[in-house]
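In: Turn this into a model:
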Amino acid sequence: MKSHLYSKIPLAQTIVALCKAKQIAHIVISPGSRNAPLTIGFTEHPEMNCYSIVDERCAAFFALGMAQQLQQPVALVCTSGSALLNYYPAIAEAYYSDVPLVILSADRPIERIDIGDGQTIRQKNVFANHILYAANLYSEVVAAVEIKDTHILQKQREAQKHNEREINLALNAAISQQGPVHINVPFYEPLYDKVSTPTVQPKNIPLEQTIHPISEPLITEMQSKWMTSKRKIILIGVNPPKGIDSKWIALFAQDPSVLVLTETTSNVHHSSHIHCIDQFITPLTTIDFEALQPEILLTFGGLIISKRIKAFLRTYQPDAHWHIDEKKAFDTYFCLTEHIKTTPNIFFDAFFKGLTNTTKSDYKAKGLAIRAQRIEKHRTYLSQIPFSDFKAYETIFKAIPKGQMIQLSNSSTVRYAQLFDLDPSFQVFCNRGTSGIDGSTATAIGAALASGIPTTLLTGDLSFFYDSNALWNTYIPKNLKIIIINNSGGGIFRILPGNDNSDTFNQFFETTHELNASHLAKMYGFEYQGTQNLMQLKEALQHCYNEDTVPQIVEVFTPRTSNDRVLIDYFKRFV
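Out: Down below sits the predicted model:
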């Protein structure tokens, strides 16, 4: 292997060596001076893939997108002070979405904190509420002359042992628990010195995998209830593509007592599943709801988008709610009875083994009959509406080629996506952990780079402009497509209660504007097309997907004041 240089500081050497030992090889670095030892260590290492992104908030979401696709930790490196705080939105998203990130923050030594020294804040445990592990390391003095004092040498050895253990614990937590960890690294100056050979050989503490055995008596009890229940709902939230074995999907489809409801972000598809939950549930009457009320609710996957299904299940609660997840079970519907701490595939393998009884029921048949009526009315309505957000989304989803990764921004974008039965070849992602509009573009760029899959980011205007610094990035794939629905503000607020069209509403809720993305596209090297009607949109999309030599932006301008009425009337058609 080709020789390389190392930071002279043993602590920096230790971090790089342990990241290498645990196969953490993607490092997103924001420029700074205090983090120079880490920057030197990672960039000099021939097996580390390093990325330089100036804006720390964008850097963190970029890393999140990479880790989302790699399903292994990506490290972030920043200098001391407020730089670190800019990571917080992405850290919170990673925490709730189970995405592994390793935050490496350079810091001043502890005696420099709160004395008025420059670029210092209280970095210790700063992410305590949204982190799996916080490692606060000891700083070390690297003397210019050889240290012979045995007392000092002993203290250094103790510090090294502490640091090695804390780094190991943090990295292991990120890998085994799939989430963010924070390692705070105080450095004394000088910061830029290098050596040709390492001065430490840190110990790699292996992972300890926690296995939660499935209780046989519990399985037997659950099987008994399953076989005697005639109304069962399986609700699937955020899920990675191909995360569920196809044999279980087929098994659910065959059971007449089971209705499977999937969200767009579930990446689970079958002709017998109800993919558009809001379209299915919105016009139901009290009598319909009572008939739909499940005896068993089985859930797995991440957070649920649909407010309507949450409201239904909170009002018409099942007798039993079972949630399958290795880590956590949110009591979203206030009726959780069992948390099975394993993966869905492992649980189903144990649960359905020897379970041959199929309950006689018309539950699925009635649900699918309602779905068929909804689909027909959906098609009829879309064929009649004027150019609007709704019509634009229909056109875009039809134009996206098979096999694309689709990254959705939050707010109205992901909710419109919930109303369409998307092509099963799409891989769909959205930052639903905290559901913020910040970071959607940076996440999509990181995901596109890490996966190598042709990627479309479908975003709203506020989400796009909020995260426009994400385009300040030299790693953008040439086949990345960004489609912006520009309805001149926060269009979702026109749908929510409280829309009164006053100056206060327009300025402080909807935040109307006249911005467009053309100048940003030119500055960052994107090809740009703006569209004002359906014909222009279709032509722009055709060109967009035929062009892979330069990244594309298609901006779709829709009528601000009529989009809400088109969507509200859509749901009225089902009554």
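
In: by contact count, what packs against the top helix by length along the chain?
Out: The single longest helix within the chain, with elements called by DSSP state H, is helix 150-177. If contacts are counted by 3 or more CB pairs under 8 Å, 6 or more residues apart in numbering; DSSP states H and E, helix 150-177 sits against helix 10-21, strand 101-107, strand 133-136, strand 180-186. Just so you know, the C-beta spots here come from the backbone N, C-alpha and C atoms, and that holds for glycine as well.

In: Out of these, the one nearest residue 208 is which?
Out: Comparison of those against residue 208 by CB to CB identifies strand 133-136 as nearest, at 13.3 Å.

In: Listing partners with orientation, what would you give for that closest one?
Out: Strand pairing for strand 133-136, determined by DSSP bridges: strand 180-186 (parallel).

In: So, low pLDDT: which residues of this protein?
Out: Across the chain, the stretches falling below the confidence threshold (pLDDT under 70) are 1-2, 141-148, 357, 490-501, 506, 510, 575.

In: For residue 447, see how far away the residue most central in space within it is.
Out: Among the residues of the chain, the one closest to the centroid is residue 431, at 3.7 Å (CA atoms, centre = their mean). For residue 431, the distance to residue 447 under the criterion CB to CB, to the nearest Å works out to 10 Å.

In: And for residue 292?
Out: In this structure, residue 292 and residue 447 are 36 Å apart, going by CB to CB.

In: for residue 80, same thing?
Out: To residue 447, residue 80 is 29 Å away according to CB to CB.

In: likewise residue 20?
Out: With distances taken as CB to CB, residue 20 is found 24 Å from residue 447.

In: neighbour-wise, which of these two wins?
Out: Neighbour tally, residue 20 and residue 447, criterion other CB atoms under 10 Å: the higher count belongs to residue 447, 26 against 16.

In: quick one, domains of the protein?
Out: Here the chain is described, according to automatic domain parsing, as comprising the domains 6-192, 216-364, 385-572.

In: how about those domains in CSV, adding distance to residue 210?
Out: Output for these, formatted as CSV (distance: least, CB to CB, whole Å):
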stretch, distance to residue 210
domain 6-192, 7
domain 216-364, 9
domain 385-572, 22
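
In: Can you check which of those domains gets nearest to residue 374?
Out: When the domains of the chain are ranked by proximity to residue 374, the top entry is domain 216-364, at 5.1 Å, counting by CB to CB.

In: Could you tell me the end-to-end distance of that closest one?
Out: According to CA to CA, to the nearest Å, domain 216-364 extends 29 Å from its N-terminal end residue to its C-terminal end residue.

In: next one: that domain to chain centre, how far?
Out: Counting by CA atoms, centre = their mean, to the nearest Å, domain 216-364 is centred 22 Å from the centre of its parent chain.

In: Check the secondary structure at residue 470 for me.
Out: In the three-state summary, residue 470 is assigned as helix, counting by DSSP: H, G, I helix; E, B strand; the rest coil.

In: go on, residue 425?
Out: coil.

In: Leaving aside the residues adjacent along the chain, what's closest to it?
Out: With CB to CB, 6 or more residues apart in numbering as the measure, residue 402 is the residue that lies nearest to residue 425, at 4.3 Å, once sequence neighbours are left out.

In: and what of residue 390?
Out: Of all residues not flanking residue 390 in the chain, residue 566 sits nearest, at 5.2 Å (CB to CB, 6+ apart).

In: Also residue 51?
Out: Residue nearest to residue 51 in three dimensions, not counting chain neighbours: residue 28, with 4.8 Å by CB to CB, 6+ apart.

In: contacting residues around the nearest residue to residue 333 once chain neighbours are set aside?
Out: If the residues on either side of it in the chain are set aside, residue 333 comes closest to residue 313, at 4.2 Å by CB to CB, 6+ apart. When contacts are counted by CB atoms under 8 Å, 6 or more residues apart in numbering, residue 313 touches 235, 297, 332, 333, 335.

In: With residue 110 instead?
Out: 139, 186.

In: What backbone torsions are found at it?
Out: Geometry field for residue 110 lists phi and psi as phi -60, psi -30, criterion degrees, to the nearest 10.

In: And for the one 3 residues further on?
Out: According to degrees, to the nearest 10, the main-chain angles of residue 113 amount to phi -80, psi 140.

In: can you give me the helices in the stretch 451-575 of the chain?
Out: Using DSSP state H, counting those that start in this stretch, the helices found in the stretch 451-575 of the chain span residues 461-466, 492-495, 503-508, 518-524, 534-546, 563-572.

In: any idea which of these is most buried?
Out: helix 461-466 (a mean of 23; mean count of other CB atoms under 10 Å).

In: and stretch 178-190, how far out from the chain's middle?
Out: On CA atoms, centre = their mean, the centre of stretch 178-190 falls 23 Å from the chain's centre.

In: What of stretch 30-46?
Out: Its chain's average C-alpha position is 27 Å from that of stretch 30-46, according to CA atoms, centre = their mean.

In: Pull out the buried positions in that stretch.
Out: Under the neighbour-count criterion of 16 or more other CB atoms under 10 Å, stretch 30-46 has 30, 32, 34-45 buried.

In: ditto for stretch 182-192
Out: Within stretch 182-192, the residues that qualify as buried are 182, 183, 184, 185, 186, 187, 191, counting by 16+ other CB under 10 Å.

In: which other residues reach that stretch?
Out: With CB under 8 Å, 6+ apart, stretch 182-192 has contacts from 8-9, 11-12, 15, 33-34, 36-38, 40, 91, 102-110, 123-124, 126-127, 131, 133-142, 166-167, 170.

In: Export the buried residues of stretch 182-192 to CSV and append columns for distance to residue 212.
Out: Compiled in CSV, the buried residues of stretch 182-192 are given as follows (distance: CB to CB, whole Å):
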residue, distance to residue 212
182, 26
183, 27
184, 31
185, 33
186, 37
187, 40
191, 44
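
In: Out of those, which is nearest to residue 406?
Out: Relative to residue 406, the closest of those is residue 182; by CB to CB it sits at 31.0 Å.

In: Show me what the closest one is bridged to.
Out: residue 103, residue 134.

In: these two touch, right, residue 62 and residue 473?
Out: Yes - with contact defined as CB atoms under 8 Å, residue 62 counts as touching residue 473 (6.9 Å).

In: which residues do those two both contact?
Out: Between them, residue 62 and residue 473 share these contacting residues under CB under 8 Å, 6+ apart: 53, 442, 445.

In: can I assume the second one sits in a helix?
Out: Going back to what we said before, that points to residue 442. Yes - the assignment for residue 442 is a helix, going by three-state DSSP.

In: what sits against it?
Out: Here residue 442 is in contact with 57, 58, 59, 60, 61, 62, 64, 65, 467, 469, 470, 473 (CB under 8 Å, 6+ apart).

In: helix, strand or coil for residue 297?
Out: Secondary structure, three-state DSSP: residue 297 is strand.
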